[in-house]
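Asks: Sequence and predicted model, in that order:
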Amino acid sequence: MRDLKPRKDLLDIEGLELPEIEYVLSNAVPFKQLFQRSVKKVPTLRGKTVLNLFYEPSTRTSSSFEVAANRLSADVTNFTVSSSSVVKGESLLDTIETLQAMRSDYIVIRHQAAGVPNIVAQHTGASVINAGDGYHAHPTQALLDAMTFREVYPDYQGRRMVIVGDVLHSRVARSTSTLFHKLGIEVGVLGPGTLIPPGRHEFIQRFRSWDEVFDWKPDAVYLLRVQLERQEGMFFPSIAEYHKMYGMNTERLVRLRQIGAYLMHPGPVNRGVEITDEAMRYERSLISTQVENGIAVRMAVLHWLKPETDTD
Amino acid sequence: MPSASPRLFQHGRIASAGSRNLLVADVLVDETGRIIAVGPGLTAPAGAEVIDCSGGVLVPGMFDVHVHAREPGQEHKETLATCSAAALRGGITGVVLMPDTTPPIDTGNLVKSAMDLVSELSAIPMFQSGCLTKGREGREMAGFSGMASRGVPMLTDADRAVPCPDLLRRCMEYARDFDLLVTSHCDTPALTKAGAINEGRVSYRFGLPGIPAISQEIAIDRDIRVAQHTGAKLHLQQISTARGLKSMQGAKEAGTSVTGEVSPHHLVLTEQDIHDYNTHFKFHPPLRPAPDVEALVAGFIDGTIDVLACDHAPHTEFEKSSEFGSAPFGAAGLETTVPVMFDRFIRKGIFGWDLLIERYSIAPRRLVGLVPVMITEGAKAEFFVFDPEGTTAVTRETMKTKSPVTPFLGETLAGNVRGTVLGTAWYPQGK
């Protein structure tokens, strides 16, 4: 049924071709329908092993991959490496050797340094899935965002999404904007000048205020998490000022409702920073749908990738 | 191999700084390592070794003012022996050693120890530079007078800028009386921070922290102003942007005593060449966008840039195999520089051997107070034989450096250094 070139790894969105994206997104739909059944498991990956290797704490993404792998009947090992035990740059090659010995078929990896999944992928026959590396990429997040957007907008092409917040330090912004652009969805960004890099993709237009955003009439507003722990310098004067300038507050919620736009967020949210409690209850919030679709999309990704671990 | 017999280099063509034309001539080197005859159709004296240089170009030995030999203290990366073998393989017959060894070379006694090691272990002349500040820590002035009495060619904190402008000013004021060249690695650490590659589209795409161009440009402007204020002689290392180049040009026009260098990688590679998080392309200053590279090439040709210097900075493959953000900056350069310059420029007619000799043999020697070498009667034999029809395969196995880490790894470059002559010694293929 498919004439796609077999792909071993999912490292970023840039390298994906449109038919591959369509393949994953369309396969995620039946996987999601599975969740309505009492038996949510299929035997697709029976006998295969998935290693969840997290160098950065992330309960959400890690659990999402674990559930996805379990529902495909794979054996899952969770391996969380506390960053304190990892000396900077010290033992990446040693780690890869250890991984090889474990003979996993799929390695899901999150790392605080950009490019680590690429290096791991070059040294192993297992399929490597990037679950977030530094500011670089978070491809499964982008895919679940696209699935979520397309569910509410089957006529998604030519529609508009604005990403709000810290684009500079965001792998989500990089991957999601790239994927949406590939799908023909227009992407804009709003945020302080310190956090909107001039080197961003040229297709991303920048807004300076919510007024400009609402004039543009986006179909969805995607709030980024303010990475408080990543602010190694001073990028804005205070959380209060950020909330005042860029947060989703009552007044902006009214205008969002007027244009009928949906609200998205990669989670976990900082209540009172990028979003108020009230906005969390917005009837067109897609935040929990994103979580649910995350499992379906990750099942579709595991199903799609072809490890080079089979020796027969 | 060193030998006491005379050598006749036959049927080669001699390159020189004066002219783009090559001179067809044989070169006879006597048993003391001196050139005693240059001319067509020389006959070999009895017992002479005859080296057929047909098709080859005889080029004066190159001189690199920016070399990290890593010994003492970091011999796992490189040693004086492997460093000098790499230099000979690349047609380089003299280098200036950076002082960022372990310990850093920041006193006269340490300079003497380092030079003792050189005379014991190196096959080529190496000149040990000294630190500007004690331990390269940027806090206190190092022992200038002691180092000056040991003949250091320059003072530099090697890959580190002196962060405090007041201390830099005092260093320059103090160095002036010893007629010492102050060499600056132009960088503003407060702007560079944990940056790994040039800040811009590529750093965004890779999700890596960027090093903004202004980090080097502000440092160039600052260092030039402090040099103008103090009257010190300033040398700028590794100029990498068009704007930095313009600053240097302006300073020269204003009569400031300033010189600048560029590396081969900044002349032939752009940030777009970085791929797959390959740390062999991680440099400080970083590879820049194409317009900067074009400006550097123009500045190299028109003489705004005085010298070529490869910043030979070997790190082990293991050290370079960590993730891009935390891998060390730098790569080996000694044995690839001449073939790279031939492959990318000379072969294509962009400039001739004369310009490369000016920038990589004559000017760097003058910069540190040495007499340039020439292939003429009465001169010491110090040249290499280059085969323009040959090729240089850059592989782990063929490289002489202890750390075969270079962005050109895996490439087959046009041209090959067939062998290097240094006095009585002839090193075919660097052996």
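Replies: Perfect, I can see it now.
Asks: and residue B:298, what element?
Replies: Assigned by DSSP states H and E, residue B:298 belongs to helix B:290-302.
Asks: which residues touch residue 161?
Replies: No chain in the question, so chain A it is. Going by Cβ atoms under 8 Å, 6 or more residues apart in numbering or on different chains, residue A:161 touches A:149, A:180, A:185-188, A:218-222, A:264. For the C-beta atoms, the positions are set from N, CA and C on the backbone; glycine is no exception.
Asks: try again with chain B
Replies: Contact partners of residue B:161, counting by Cβ under 8 Å, 6+ apart, are B:138, B:184-189, B:219.
Asks: need the next SSE after the helix holding residue B:298, C-terminal direction.
Replies: strand B:307-308.
Asks: could you list every residue that touches whichever residue of chain A sits closest to chain B?
Replies: Residue nearest to chain B within chain A: residue A:136 (2.8 Å; Cβ to the nearest Cβ). Each residue near residue A:136 by Cβ under 8 Å, 6+ apart is listed here: A:12, A:114-115, A:130, A:171, A:174, B:206-208.
Asks: Out of those, which comes closest to residue A:38?
Replies: residue A:130 (33.2 Å; Cβ to Cβ).
Asks: Help me confirm that the closest one is found in a helix?
Replies: No - in this structure, residue A:130 is strand, not part of a helix, as judged by DSSP: H, G, I helix; E, B strand; the rest coil.
Asks: Isn't it up against residue A:117?
Replies: Yes - counting by Cβ atoms under 8 Å, residue A:117 is a contact partner of residue A:130 at 4.0 Å.
Asks: For these two, list the residues in contact with both.
Replies: A:9, A:11, A:109.
Asks: What distance do you get for the residue in the stretch 51-200 of chain B positioned nearest to chain A to residue B:188?
Replies: Here the stretch 51-200 of chain B gets closest to chain A at one residue, residue B:200, 4.3 Å apart by Cβ to the nearest Cβ. Distance, residue B:200 to residue B:188, by Cβ to Cβ, to the nearest Å: 17 Å.
Asks: what residues go with each domain of the chain?
Replies: Unless you meant another one, I'm taking chain A. Domain assignment for chain A by automatic domain parsing gives A:18-136+A:293-304, A:139-291.
Asks: nope, chain B please
Replies: Taken from automatic domain parsing, chain B resolves into B:7-58+B:377-428, B:61-367.
Asks: Nearest to residue A:79, out of those domains?
Replies: domain B:61-367 (17.7 Å).
Asks: where in the stretch 251-400 of chain B is pLDDT low?
Replies: Across the stretch 251-400 of chain B, nothing is flagged by pLDDT under 70.
Asks: Report the angle between the longest helix along chain B and helix B:290-302.
Replies: Longest helix of chain B, by residue count under DSSP state H: helix B:213-230. If you take axes from the mean of the first three to the mean of the last three Cα atoms, to 10 degrees, helix B:213-230 sits at 40 degrees to helix B:290-302.
Asks: is it fair to say residue A:140 lies in a helix?
Replies: Yes - applying three-state DSSP, one finds residue A:140 inside a helix.
Asks: what about the closest residue to chain A within chain B, how many residues close to it?
Replies: Relative to chain A, the nearest point of chain B is residue B:207 (2.8 Å; Cβ to the nearest Cβ). Residues lying near residue B:207 (other Cβ atoms under 10 Å in any protein chain shown) number 25.
Asks: Need the phi and psi values for it.
Replies: phi 70, psi 30 (degrees, to the nearest 10).
Asks: check contacts around it.
Replies: Residues counted as contacts of residue B:207 (Cβ under 8 Å, 6+ apart) are A:114-115, A:133-137, A:171, A:174.
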